[in-house]
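[1] curious how this folds, go ahead:
(chains A and B)
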Protein chains: 2
Amino acid sequence: MMAAAAIGACAGNFTKYVNPFIGTGAIEGGLCGNCYPGATMPFGMVQLSPDTHPAPDWYNASGYDYNDSTIYGFSHTRLSGTGACDLIDISLFPTTTDRTSSAFSHEQEEAHPGLYRVELLDEGISASLSATERVGIHQYDYPAGHQCRLLVDIDHSALKGSWDRQIIQGQLRQVAPNALAGYRWITGWAKLRKVCFYIEFSAPIRHLALSDGHRQEPGQVINGRALKAWVDFGQMDQLMCKVGISPVSWENAKENLQTEAPGWSFDDYVAQADAAWEQQLGKIAIKAPEDKMTTFYTALYHAMQQPNLSSDCNGQYMGADFTVRQMPEGQNQYTTFSLWDTYRGAHPLYTILDPERSRDFVNSMLDHYEAYGYLPIWQLWGQDNYCMIGNHAIPVVVDAVLKDIPGINAERAWAAVKGASLTPHPNSPWQVWEKYGYMPEPLQTQSVSITLEDSYDDWCVAQLAQRLGHDRDAQHFGKRAKNYVNLYNEDTHFFQPKDENGHWIEPFDPLCHGGNGGSAFTEGNAWQYYWYVPQDVAHLVELTGGAKAFEQKLDQFFTLTDQSGEQNNNVSGCIGQYAHGNEPSHHVAYLYNYIGKPEKTRALVARIMDEMYDNTSSGYAGNDDCGEMSAWYIFSALGFYPVNPASGQYDLGIPMVEEAVISLPQGGEFRIVNNLKSQKVKSVTLDGDKLTTLFLPHSSIAPGSTLTWK
Amino acid sequence: MMAAAAIGACAGNFTKYVNPFIGTGAIEGGLCGNCYPGATMPFGMVQLSPDTHPAPDWYNASGYDYNDSTIYGFSHTRLSGTGACDLIDISLFPTTTDRTSSAFSHEQEEAHPGLYRVELLDEGISASLSATERVGIHQYDYPAGHQCRLLVDIDHSALKGSWDRQIIQGQLRQVAPNALAGYRWITGWAKLRKVCFYIEFSAPIRHLALSDGHRQEPGQVINGRALKAWVDFGQMDQLMCKVGISPVSWENAKENLQTEAPGWSFDDYVAQADAAWEQQLGKIAIKAPEDKMTTFYTALYHAMQQPNLSSDCNGQYMGADFTVRQMPEGQNQYTTFSLWDTYRGAHPLYTILDPERSRDFVNSMLDHYEAYGYLPIWQLWGQDNYCMIGNHAIPVVVDAVLKDIPGINAERAWAAVKGASLTPHPNSPWQVWEKYGYMPEPLQTQSVSITLEDSYDDWCVAQLAQRLGHDRDAQHFGKRAKNYVNLYNEDTHFFQPKDENGHWIEPFDPLCHGGNGGSAFTEGNAWQYYWYVPQDVAHLVELTGGAKAFEQKLDQFFTLTDQSGEQNNNVSGCIGQYAHGNEPSHHVAYLYNYIGKPEKTRALVARIMDEMYDNTSSGYAGNDDCGEMSAWYIFSALGFYPVNPASGQYDLGIPMVEEAVISLPQGGEFRIVNNLKSQKVKSVTLDGDKLTTLFLPHSSIAPGSTLTWK
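    Just a heads-up that it's a prediction; the model follows:
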């Protein structure tokens, strides 16, 4: 059939390796990445994908669970890899009757970058989905001789009540013989979102039935809170729908549609999406065993699904204070900043592969700062949901400035970084921080994790101050960056919570996990947080008692399997206490480098790449977390990883790839040649010069350079 | 003291007669107008007034009740005379301690147009309020030697939970040494409102303490749902605050402030407001007994408190679909359309006194139509709350077009009027209307009231169709305009509910009142709704059985005191079954004219003016309903009233005034000379020509004309 033909025609050298079903559902007791298989463009506004639950929530946060067998509609927005659910806007469902869901089977389902296809088994309707950046493209093939109907469901959303989610007001109206438009305001994980849409059909509407909950309205417009439309087109074989969306207005949604999706060839949209992904994925051309190619390119695909475009074609976007603002020509606003996750690996990766978008990400954060008063913690559809801890927009902004990413005003960045570090806000009580030199429990819950992570952010602030010559600030934040020391217990050799009087809080169990409040640790235990001093690993080694003690502690970490402590469900993918399923552990395997034991780093990194990633629907050891699990893999597979993501250097591990060529955005290539026969490394050379440390400076990733392992 | 001096200096020839306490509270078992005593400009965006309840609701809808003795803050927006409460945004309260309320006494309180002053007795703080169109002006005189503090309360609102009211998200931040800014999104009677503010103080902030519910935030910004700021200024005698508001952005609120309120002289603002009111009230210069002057000018003052300006100084406004749009140069957007009330008298009055604003009101309704899909029913802060029945934007729009108010595109108006009459929406199921020729109960509740009122609206549509040459539409809507006949029971001589099968619904009690649903009648009974055929009173006379039967029925109406039926609390101010306290009765006293008994009209109108209005806090017989009770008085006092508000003519009653001079907006004057010695009228002459009917055509209200009663 057509879709299959299209794939055959379009699947590129790189996109052919992507398996969008990886991470979409837990099988055999595994863990779920919470990814989705639907159609999206790199960093696009639209994520058009099936919802296999009528109201997705925590355990099917992307709307899709590979273990499900029913589809409840195809909606246009979602998060990839998060623990919590939101978005899930504007659902379409084709039927010949009044069904609002259908069975489906993985046997009659396929997914590729920019194309999703499924057979809706109840009625034999074939649904094909594609997308441009801001427009969802639907093609529905109906069985011959049947009435062609469509449910347009504006009431469909993530679970109502969860996060106090409710729709406040909306509109749905026919604006042309073949077009519907409208909007909804919804409160949820994001405090308040305006979602606007413009839907164009390939055929005129024959009959429209609007409703607001139980209220039926036979006209062409309805205003209310629970809006749906049954749209009848008469007898046809095929219907195409194009759905432009916008956070600003339905007029902008229409303009987005007219700009990006004027035509009616579904194949062309699939080809365009494939080409866009091909161009993105092709930025890293690797040689590797076939199954590793799939793991690698799917990880790269997942890492490039967000941050998400949030400005319209005309440059308008909804500011964090709900004021519509205008982007400078040639720049875009972005959202979906899962920063506690993505500052570690994903954002550094973007600085290498896509500095222009890195500029836009950073400038979007600075815009947020100016509208909101502090930098985003976890930004969703332009709003902060304050998920997790720290202020990890800071390392992202500082890293980009220090790497001289063009188009970022350094003093504007400095104002934001400093302002966010001095303006108290939820989980960042700076007056407490300045007074005590640590976060006291329970005055500030998650105190140990926050103390460690804020110390790191402060180190980043100090680096930027130093670069810009703000010496007093550099000194001040440099001092704050050492606050972690105040929670180091030299008797137990753990970071432990203290109360306001400076007393250790007893009892203390380093195996006991905290969640998201009510404990000194965040989604982890004292073992996992022990290692979080990326800004000064040498000092951590010293605190631990020197290199040997540090090595023993690391060895113990990777072997101590005791899970007697209270567990947190984000802790998974364990090697001893190491939990690859969640971010606090991600840099730890690389720490052996710091005591001259790179062979142990190599063994562990190779093992994690091998054990924690596969090509099934449970292919991740935990939530992909907006591409962070993927970014770890991409870096590690290339042979390096940023233990300190704002340091301007990467820590050497061991390459999975046989060869890799990174096409640099400024032109030219950076090449990685892996001549290793085993994990035993004789030398790593950069253009023939042997690296004398276990770091690869960012500046050495330059056109024409070659990193050779042997 | 200063404020008193200012009043002496400014109180004008007309403003001196205004008593803003009229209608502010029920005394001695009377009824409440739900008016407020605070400061506002004619048709202004800001209504700055004390709230005497911590969370106003139904029975103190303007925020103020004359019977209360505690003030809980001075907030910037409110409705005048409505039954339900909303708005009540951005409250300020001055203190030297941490008090958040204070006792007050009417002994130490005064109010004039553009000035409100009260002594906060708990601490001896004198609060003086004034306003520009979009800016509230506060002056607080603190007792000597005390700390000068202010509570800025963004959480203060009409009662939460009522109408599902809740704040969704907001921001409060310091944006200059002496300025705060922010916004809140709130859902309530209006489905969703963005209220933005910019507050400038006459002194720098010494200390700021922000909170979001129980969360304290010591910095300069807070985002959240329940925001307050304690602002300390140190020891001072006097603090001035200027509060700009906007429905679009805090930047617009700031621009509004800078445009309208650059200076720091409180007296100047009072003088400006007084001058603005003087100019408005002076449009009708009357001679009358002193106490009637107060009733009249206070009514005129109340009638000109709304509709309310809703576009910013830069012309931006928040559309009904929450898209920010731009007004054409020189035009303003308005909101607060309590149309079931105000189409009767207030809007016709505006066409005489202020055709430029009438144009803006109508164009605002047309903008609403285009964004929303149908014309507003009851529009509040740009949103429809669907309060009451009918589609009475239609008579307002049609009246304005038929009166040739400049600046209204007639075909655009036609598209809206026709569209609203064909597009089903809440309480307007046109498919039912077209099918049955009446609203069947209980398929559409309030069926008799809606049938009568929709018939009238349809008559208006037909008039406009005819004017514009849309003959088929004129015919169609002309037919619909007669639908009222289908609910006339010739056996009982009442309009009665029918079911879907055309059967009268039994039992039927013409004394039984309905409320706002669940009955065939809306806030009234069959007696009160009997008279609602303003488009064809002659036919109603005929249905009743001729002139004599009609007279008897009217006589019975005004004498039948039996209140055995279920009561509605909007029914008050009764003369028999006539209830001047609510709008359905308002035209009935004028109906004797139609059977050649004008003397009975005169007697009743004079009696109603005399009995139903006085100069106390319970000076209205019911809610003022956004100036409609007032508009009835103004018209009637001048000697005429529009029984059919879109007919282009007014029905003669009897003037209360001894003389009146209406300064016409197009220049020149229209004069009313009352030489009556009693209610006995020998002649009414227009420029010497005797009027041969009991109608005064709108076109005769022309410069230089004189209407003489003798």
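[2] of all the residues in stretch A:591-607, which ones are buried?
    Neighbour-count burial for stretch A:591-607, counted by 16 or more other C-beta atoms under 10 Å in any protein chain shown, picks out A:591-595, A:597-598, A:600-606. Just so you know, the C-beta spots here come from the backbone N, C-alpha and C atoms, and that holds for glycine as well.
[3] ends of it, how far apart?
    15 Å (C-alpha to C-alpha, to the nearest Å).
[4] if we can go back for a sec, helices - which of the buried residues of stretch A:591-607 land there?
    A:598, A:600-606 (DSSP state H).
[5] from these, pick the one nearest chain B.
    Of all these, chain B sits closest to residue A:605, with 40.5 Å by C-beta to the nearest C-beta.
[6] got the confidence number for residue A:12?
    Per-residue confidence (pLDDT) for residue A:12: 81.
[7] can you check residue A:563 too?
    82.
[8] hmm, it is touching residue A:511, no?
    Yes - using C-beta atoms under 8 Å, residue A:563 is in contact with residue A:511, at 7.1 Å.
[9] near chain B, which residues of chain A show up?
    By C-beta under 8 Å from any C-beta of the partner chain, the part of chain A that sits against chain B consists of A:168-169, A:171, A:173, A:183, A:185, A:187, A:191-192, A:194, A:215, A:217-223, A:248-251, A:321-324, A:372-374, A:383-384, A:422-426, A:430-431.
[10] now that we have those residues, which of them are buried?
    A:168-169, A:171, A:173, A:183, A:185, A:187, A:191-192, A:194, A:217-223, A:248-251, A:321-324, A:372-374, A:383-384, A:422-426, A:430.
[11] restricted to helices, list those.
    Per DSSP H, these map to helices at A:250-251, A:372, A:422, A:430.
[12] turn the residues you listed into TSV, columns for pLDDT.
    As requested, these are exported to TSV (pLDDT from 0 to 100):
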residue	pLDDT
A:250	98
A:251	98
A:372	97
A:422	97
A:430	98
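[13] adding distance to residue B:333, write those out as CSV.
    Output for those, formatted as CSV (distance: C-beta to C-beta, whole Å):
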residue, distance to residue B:333
A:250, 20
A:251, 18
A:372, 28
A:422, 40
A:430, 42
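[14] closest to residue A:242 among the ones in helices among the buried residues of stretch A:591-607?
    Closest to residue A:242 out of those is residue A:605 (44.8 Å), distances taken as C-beta to C-beta.
[15] which parts of the stretch 351-500 of chain A are helices?
    Along the stretch 351-500 of chain A, the stretches classed as helices by DSSP state H, counting those that start in this stretch are A:355-372, A:393-402, A:410-422, A:430-436, A:447-468, A:471-480.
[16] out of those helices, which comes closest to residue B:407?
    Comparing these by C-beta to C-beta, helix A:355-372 comes nearest, at 36.9 Å.
[17] tell me what that closest one is packed against?
    Judged by 3 or more C-beta pairs under 8 Å, 6 or more residues apart in numbering or on different chains; DSSP states H and E, the packing partners of helix A:355-372 are strand A:334-335, strand A:337-338, helix A:346-353, helix A:393-402, helix A:410-422.
[18] tell me how far the nearest residue to residue A:40 once chain neighbours are set aside lies from residue A:364.
    Nearest residue to residue A:40, sequence neighbours excluded (C-beta to C-beta, 6 or more residues apart in numbering or on different chains): residue A:47, at 4.6 Å. From residue A:47 over to residue A:364 the distance is 18 Å, taken as C-beta to C-beta, to the nearest Å.
[19] do residue A:450 as well
    Using C-beta to C-beta, residue A:450 is found at 25 Å from residue A:364.
[20] can you check residue A:513 too?
    Distance from residue A:513 to residue A:364, by C-beta to C-beta: 33 Å.
[21] compare the two (neighbour count), which wins?
    Using other C-beta atoms under 10 Å in any protein chain shown as the criterion, residue A:513 and residue A:364 rank with residue A:364 on top: 27 against 23.
[22] the more buried one and residue A:335 touch, don't they?
    Yes - at 7.0 Å, residue A:364 counts as touching residue A:335 under the criterion of C-beta under 8 Å.
[23] name the residues contacting each of those two.
    Common contact partners of residue A:364 and residue A:335 (C-beta atoms under 8 Å, 6 or more residues apart in numbering or on different chains): A:307, A:310.
[24] picking that back up, could you export the buried residues of stretch A:591-607 to a markdown table, including columns for pLDDT?
    Formatted as a markdown table, the buried residues of stretch A:591-607 follow (pLDDT from 0 to 100):
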| residue | pLDDT |
| --- | --- |
| A:591 | 98 |
| A:592 | 98 |
| A:593 | 98 |
| A:594 | 98 |
| A:595 | 98 |
| A:597 | 98 |
| A:598 | 98 |
| A:600 | 98 |
| A:601 | 98 |
| A:602 | 98 |
| A:603 | 98 |
| A:604 | 98 |
| A:605 | 98 |
| A:606 | 98 |
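[25] residue A:463: which of those is nearest?
    Closest to residue A:463, out of all of the buried residues of stretch A:591-607 and judged by C-beta to C-beta, is residue A:594, at 19.0 Å.
[26] now do the contacts for that closest one.
    Residue A:594 touches A:537-538, A:541, A:550, counting by C-beta under 8 Å, 6+ apart.
[27] select only the buried ones of those residues in ChimeraX?
    Here is the ChimeraX command that picks out the buried ones among those, judged by 16+ other C-beta under 10 Å:
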select /A:537,541,550
